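Student: Prediction below, plus the sequence it came from.
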Amino acid sequence: MNLSRAMPAESQWDLLEEYLLNSRFDVAWIDTEEIGEAAERFRVDPGSGVLCDLDTAFDLIENDDQETLVWIGTHSPGWSVAVTMNRGFTLSEEASTGGRGVLAHWHMAGLYELADEGMVYYHDGEHMGRVGEEAFRDHALDLDLDGAGFREQVEYYLILAGRVTGRFLDREWFAASRVLYRIPGDAWSR
């Protein structure tokens, strides 16, 4: 199915607002359905995993401010998703080694701050460029960032992610259970 011109049923921005993720949304989509493999790519503590829904994940982060917590699970056929629930997290190109692709995006709505590149694509350990410009250009032909405000830019990037991965954010996505893992503070220094 070609989703290069598809549009979501609901505003991606409004859904993030409703589910309390818009103040800081730090997300990566990984081109594997294997949750364990996706978790390894973030160098999580595998024994720390707790299967939970989004509300429970929010409750658990209130009790743990020492390490970065990431909620990882299935996104769509062929793709997993990882949402950083607390703290900032900078994804390394290493997360895409072994022929995997990773789309990464973050924004902070309260500060009107968008990552320098909006949404980037890593493949096989290399930074491939901005999604919609260098990578997956055909998915962005009908989307225009020129003169777009902050909210429109965020919507643009989330629509791109949905087109590339085959699924937009929707209510079922937010209701799904995923595994909440800890990323040890020294995980990326090893």
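Tutor: Received the coordinates, thanks.
Student: what sits against Glu152?
Tutor: Counting by CB atoms under 8 Å, 6 or more residues apart in numbering, Glu152 touches Leu145. Bear in mind the C-beta positions are built from the backbone N, C-alpha and C, glycine included.
Student: could you say which helix or strand contains it?
Tutor: Using DSSP states H and E, Glu152 sits in helix 150-165.
Student: Let me see the mean pLDDT of the helix or strand just after that helix.
Tutor: Next helix or strand after helix 150-165 toward the C-terminus (DSSP H and E): helix 171-175. For helix 171-175, the mean pLDDT works out to 96.
Student: What residues of the very next helix or strand once past helix 171-175 count as buried?
Tutor: Remark: after helix 171-175, the chain's next helix or strand is strand 178-183, criterion DSSP H and E. Within strand 178-183, the residues that qualify as buried are 178-183, counting by 16 or more other CB atoms under 10 Å.
Student: residues in contact with strand 178-183?
Tutor: Contacts of strand 178-183 (CB under 8 Å, 6+ apart): 35, 39, 42-46, 48-52, 56-57, 60, 64, 67-74, 81, 83, 85, 89.
Student: Closest one to Glu172 out of the buried residues of strand 178-183, please.
Tutor: Glu172 lies nearest to Arg178 out of the buried residues of strand 178-183, by CB to CB, at 12.5 Å.
Student: Can I get stretch 131-141 as CSV, trimmed to CA atoms?
Tutor: The C-alpha trace of stretch 131-141 is given here as CSV (Å, rounded to 0.1, in the frame of the first residue of the first chain):
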residue,chain,number,x,y,z
VAL,A,131,13.3,13.1,6.5
GLY,A,132,11.4,14.7,3.7
GLU,A,133,14.4,16.4,2.2
GLU,A,134,17.3,13.9,1.8
ALA,A,135,15.4,10.8,2.8
PHE,A,136,11.9,9.8,1.8
ARG,A,137,11.4,12.9,-0.3
ASP,A,138,8.5,11.3,-2.2
HIS,A,139,6.6,11.2,1.1
ALA,A,140,6.7,15.0,1.5
LEU,A,141,5.9,16.3,-2.0
